[in-house]
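Engineer: Need coordinates for the below:
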Amino acid sequence: MDHNGKIMHKYLLDEYVDLAYAVQARLEEALVSLVEILIRETYTKDLCLAGGIFMNCKANGYIWDSTDIDNIFIHPASSDDGSCIGAAFYLSKELNFNPRNILENVQLGPSFGNNEVEKILKTCGVSYLKPDDISHEVAKLVASGKLVAWFQGGCEMGARSLGGRSIVASPTVEGIKDNLNKIVKRREHWRPYCPSINSEYKEDYIKEPLETPFMILARQASYELSKIAPDITHIDNSIRPQTVQESVLPRWHKLIESVGQFTGHSVVLNTSLNVRGEPMACQPHDALNYLFSTGLDALAIEDFLVTKNI
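Structural biologist: This is a model prediction of the structure:
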């Protein structure tokens, strides 16, 4: 950014863009070939993926669309940050202990109750409200075009914000991506944002949908979604959706449902609660820092709502 706060863009040369496209295409071909070998040699059509390469949501979607697998699971902490999980499972096996369970929710990090949050808010001297229904109040702000930090429950494991440490906005508001990039995220203009969609509406917004709770597998946007929300759609009409089940993330689900009541579309723009070059918010102080150092309009932190410029 320059001294006036204007975002400065550096455009890549065409040959670099072509090279990136070619590398991606060859990667996808190689991965599909490996999966096809696995199917032939193991006689199974259940596929589990982990490792840094599988943070590539486009390649993951290509594997699903191009092979004869029946089920796919991609670990949400596929990068180096998940290596410790494999180590723990290995040691558990050596000790004849089986800790396995269905991974539905990745909000396994630090969490903070209302008493602790309110004490911090008072210590920081900020004004706050405690609305009867935090999801409904935030939905009203989001539907009106506001940018709201959403700090609920535990911090997410892995690289994606999935309703624990998120910035939420309405993707149907014209120019919302540019506004978010300029006054909050401070990142490259061409990078699109991702949708969080309640599972019961995934057929309305995703072509050939499947459950993608960890925002790690690309799909094609429906005509309706690409029409109403271009800021969460890639240039090839792909999206990186999070599907949200009420039984797993009830408050996040209710927020998306409430936004739908105001806008007519049960989908929100969801991005991580951080700025470029900084880590995702973990503790309440982190969220307050991002609220008051960026163009965010409000912070919903557990049952409390902190607002500014509203």
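
Engineer: gap between Ile183 and Glu137?
Structural biologist: 22 Å (Cβ to Cβ, to the nearest Å). No exception for glycine: its C-beta is placed from N, CA and C like everyone else's.

Engineer: buried residues in the lengthiest helix in the chain?
Structural biologist: Counting residues, the longest helix found in the chain (DSSP state H) is helix 14-42. For helix 14-42, burial by neighbour count (16 or more other Cβ atoms under 10 Å) applies to Glu28, Leu31, Val32, Val35, Ile39.

Engineer: Return the residues in contact with the third one.
Structural biologist: Val32 makes contact with Tyr62, Ile63, Ser66, Thr67 under the criterion Cβ atoms under 8 Å, 6 or more residues apart in numbering.

Engineer: Next, the closest residue to it other than its chain neighbours: phi, psi?
Structural biologist: Nearest residue to Val32, sequence neighbours excluded (Cβ to Cβ, 6 or more residues apart in numbering): Ser66, at 4.9 Å. Taking degrees, to the nearest 10, you get phi -110, psi 0 for the backbone angles of Ser66.

Engineer: Near Ser66, how many other residues are there?
Structural biologist: Per other Cβ atoms under 10 Å, the neighbour tally for Ser66 reads 15.

Engineer: Pull up the per-residue confidence for the residue nearest to Val275 when sequence neighbours are not counted.
Structural biologist: Spatially, and ignoring its direct neighbours in sequence, Val275 is nearest to Arg186 (5.5 Å; Cβ to Cβ, 6+ apart). For Arg186, the pLDDT comes out at 87.

Engineer: What of the one 3 residues further on?
Structural biologist: Per-residue pLDDT puts His189 at 75.

Engineer: For it, which three-state class applies?
Structural biologist: coil (DSSP: H, G, I helix; E, B strand; the rest coil).

Engineer: do the same with Ser111
Structural biologist: Going by three-state DSSP: Ser111 is coil.

Engineer: Not counting its neighbours along the chain, what's nearest it?
Structural biologist: Gly154 (4.1 Å).

Engineer: And the one you found, how far from Ser222?
Structural biologist: In terms of Cβ to Cβ, Gly154 sits 32 Å off from Ser222.

Engineer: out of these two, which sits in the more crowded spot?
Structural biologist: Neighbours per residue, other Cβ under 10 Å: of Gly154 and Ser222, the larger number sits with Ser222, 20 against 16.

Engineer: mind listing what the more buried one touches?
Structural biologist: Asp204, Tyr205, Ile206, Lys207 are the contacts of Ser222 under Cβ under 8 Å, 6+ apart.

Engineer: which other residues reach the helix or strand of the chain with the lowest mean pLDDT?
Structural biologist: Least confident helix or strand, the chain: helix 83-94 with a mean of 88, by mean pLDDT, DSSP states H and E. The contact list for helix 83-94, computed with Cβ under 8 Å, 6+ apart, reads Ala50, His75, Ala77, Asn98, Pro99, Arg100.

Engineer: Highest neighbour count among those residues?
Structural biologist: Counting by other Cβ under 10 Å, top hit in the contacts of helix 83-94: Ala77 with 23 neighbours.

Engineer: do you know how far that one is from Gln107?
Structural biologist: 13 Å.

Engineer: quick one: common contacting residues for these two?
Structural biologist: Common neighbours of Ala77 and Gln107 (Cβ under 8 Å, 6+ apart) are Met157.

Engineer: wait, isn't Gln220 in contact with Glu208?
Structural biologist: Yes: under the criterion of Cβ atoms under 8 Å, Gln220 makes contact with Glu208 at 7.1 Å.

Engineer: Low-confidence regions, this structure specifically.
Structural biologist: Confidence mapping of the chain against pLDDT under 70 gives the ranges 1-11, 310.

Engineer: tell me the domain ranges of it?
Structural biologist: 14-94, 114-307 (automatic domain parsing).

Engineer: Determine which stretch of those is the most buried.
Structural biologist: The highest mean neighbour count among those, using mean count of other Cβ atoms under 10 Å, belongs to domain 114-307: a mean of 19.

Engineer: how long is that domain from one end to the other?
Structural biologist: Using Cα to Cα, to the nearest Å, one end of domain 114-307 lies 17 Å from the other.

Engineer: can I get the CA coordinates of stretch 48-61 in PDB?
Structural biologist: Output of stretch 48-61 as PDB, limited to C-alpha atoms (Å, rounded to 0.1, in the frame of the first residue of the first chain):
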ATOM      1  CA  CYS A  48      -8.100 -40.300   2.500                       C
ATOM      2  CA  LEU A  49      -5.700 -37.500   1.600                       C
ATOM      3  CA  ALA A  50      -3.200 -35.600   3.800                       C
ATOM      4  CA  GLY A  51       0.000 -33.700   3.200                       C
ATOM      5  CA  GLY A  52       0.800 -30.200   2.100                       C
ATOM      6  CA  ILE A  53       0.000 -30.800  -1.600                       C
ATOM      7  CA  PHE A  54      -3.700 -31.400  -0.600                       C
ATOM      8  CA  MET A  55      -4.100 -27.800   0.600                       C
ATOM      9  CA  ASN A  56      -4.600 -27.400  -3.200                       C
ATOM     10  CA  CYS A  57      -8.400 -27.300  -3.300                       C
ATOM     11  CA  LYS A  58      -8.600 -27.200  -7.100                       C
ATOM     12  CA  ALA A  59      -6.500 -30.400  -7.400                       C
ATOM     13  CA  ASN A  60      -8.700 -32.000  -4.700                       C
ATOM     14  CA  GLY A  61     -11.800 -31.200  -6.600                       C
END
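
Engineer: I'm done for today, thanks for sticking with me.
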